[in-house]
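Novice: structure of the sequence below:
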Amino acid sequence: MDEILEITDTIYVFKDGEETAVFPTKEADLDVLYEKMVGRSTTGEFYVEDRQTVPGDDVILEVQDLSLFGAFNHVSFKLHKGEVLGLAGLDGSGNEDVCNVLVGQEAPTAGRILVNGKEMRFANAYQSRRNGILSVPKDRRDEGMVGILSIEDNINISSWNHLKKGPLLSRRLLRETADKWIREAGVKCTGRKDRIAQLSGGNAQKVIFARALESGCPVLILNHPTRGVDVGAKQEIYRLVREMTEQGHAIIVLGDTLDECLGLASSVVVFKDGMISATFDCPVGGKPSQNEVVHFMM
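Specialist: Model prediction:
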């Protein structure tokens, strides 16, 4: 959106296959474009920054001198309760590889991962989740959801253990949990038995976020959480991110754009050539400019 405002002379806006506005770029801003694209005005800041939490003192996740041969070296950072930590970098800079190690998809060649002060090693994503780290992958269609299953099943699939009544799953708890998250996440559907594959990208992503919240995992890794999602659904997803931190979750986010990373994050770690090149605090009203961050990425 910033690029459109920077390099164009005239903007045509379309919604649902129809032209909704045309105006000179000099008369446009993000709020105007949002209203014409979505059909309603913005409510507050786009990234819901007024609900950004101040990270607590408790360190939920710590990475010490972590390395993966051929991908990244000597990476160290701390993730606090209620914090959104952005990992920024160009493709191949190492930030995504760090996340792959944290969720058990890759085994590190050196370094330590500590969850609540206890050293951990994960052989797979199941072990990572059992120890409190859950990922929302960027490729939701292939990695984030089970397309042939219902919304209800996709919401509950990571939470079987606390949805049991004795040795069996409770149908009542499954229904109540799915209905609660469909309502609270604002999933547009006809009912919990709809197949998730039939939903739009934004609504499918909301279901995946609902699963993450229901899992109770204290650490959530959001890998490009709004990729392929329309601008209206994006703000609803940002609201869910704020609700996660208000509930005490600690979040690592790899934004779909640098602007998104800075807008959501409480602090940002910048990667370049497999190493950390800079770190920034990102309090509300005091976030670094994109140019400052890009300087350490290039």
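
Novice: pLDDT weak spots in this structure?
Specialist: Confidence mapping of the chain against pLDDT under 70 gives the ranges 38-45.

Novice: okay, which residue is most central for it?
Specialist: Leu222 (3.1 Å; C-alpha atoms, centre = their mean).

Novice: let's verify that residue: helix, strand, or coil?
Specialist: Per DSSP: H, G, I helix; E, B strand; the rest coil, the local secondary structure of Leu222 is strand.

Novice: got it, and the one 5 residues further on?
Specialist: For Arg227, the assignment made with three-state DSSP gives coil.

Novice: report how many residues lie close to it.
Specialist: 16 (other C-beta atoms under 10 Å). Any C-beta I mention is one placed from the backbone N, CA and C, and that applies to glycine too.

Novice: and it, how far from Gly201?
Specialist: Separation of Arg227 from Gly201 (C-beta to C-beta, to the nearest Å): 9 Å.

Novice: for His249, what are its contacts?
Specialist: Counting by C-beta atoms under 8 Å, 6 or more residues apart in numbering, His249 makes contact with Gly82, Leu213, Cys217, Pro218, Val219, Leu220.

Novice: what about the strands in this structure?
Specialist: Shown for the chain, the strands assigned by DSSP state E span residues 10-15, 18-24, 59-68, 72-80, 84-88, 110-115, 118-120, 133-136, 164-165, 168-169, 219-223, 250-254, 267-272, 275-281.

Novice: could you give the angle of the last one to strand 84-88?
Specialist: Looking back up the chat, that one is strand 275-281. 140 degrees (axes from the mean of the first three to the mean of the last three C-alpha atoms, to 10 degrees).

Novice: and strand 275-281, which strands flank it?
Specialist: Note on strand 275-281: by DSSP bridges, its sheet partners are strand 267-272 (antiparallel).

Novice: spit out the contact partners of the residue lying closest to Pro218 once chain neighbours are set aside.
Specialist: Closest residue to Pro218 apart from its sequence neighbours, by C-beta to C-beta, 6 or more residues apart in numbering: Gly132 at 4.8 Å. Contacts here follow C-beta under 8 Å, 6+ apart; on that basis Gly132 touches Ile60, Val115, Asn116, Cys217, Pro218, Val219.

Novice: wait, isn't Pro55 in contact with Glu83?
Specialist: Yes - using C-beta atoms under 8 Å, Pro55 makes contact with Glu83 at a distance of 3.6 Å.

Novice: what about those two, which has more around it?
Specialist: Counted by other C-beta under 10 Å, Pro55 and Glu83 do not tie: Glu83 has more neighbours, with 24 against 21.

Novice: so which of the contacts of Gly132 comes closest to Gly17?
Specialist: Within these, proximity to Gly17 (C-beta to C-beta) peaks at Cys217, which comes in at 39.7 Å.

Novice: and that closest one, how many neighbours?
Specialist: With other C-beta under 10 Å as criterion, Cys217 counts 21.

Novice: next: Glu246.
Specialist: 12.

Novice: widest-spaced pair of the contacts of Gly132?
Specialist: Largest pairwise distance in those, by C-beta to C-beta, is 12.3 Å, between Asn116 and Cys217.
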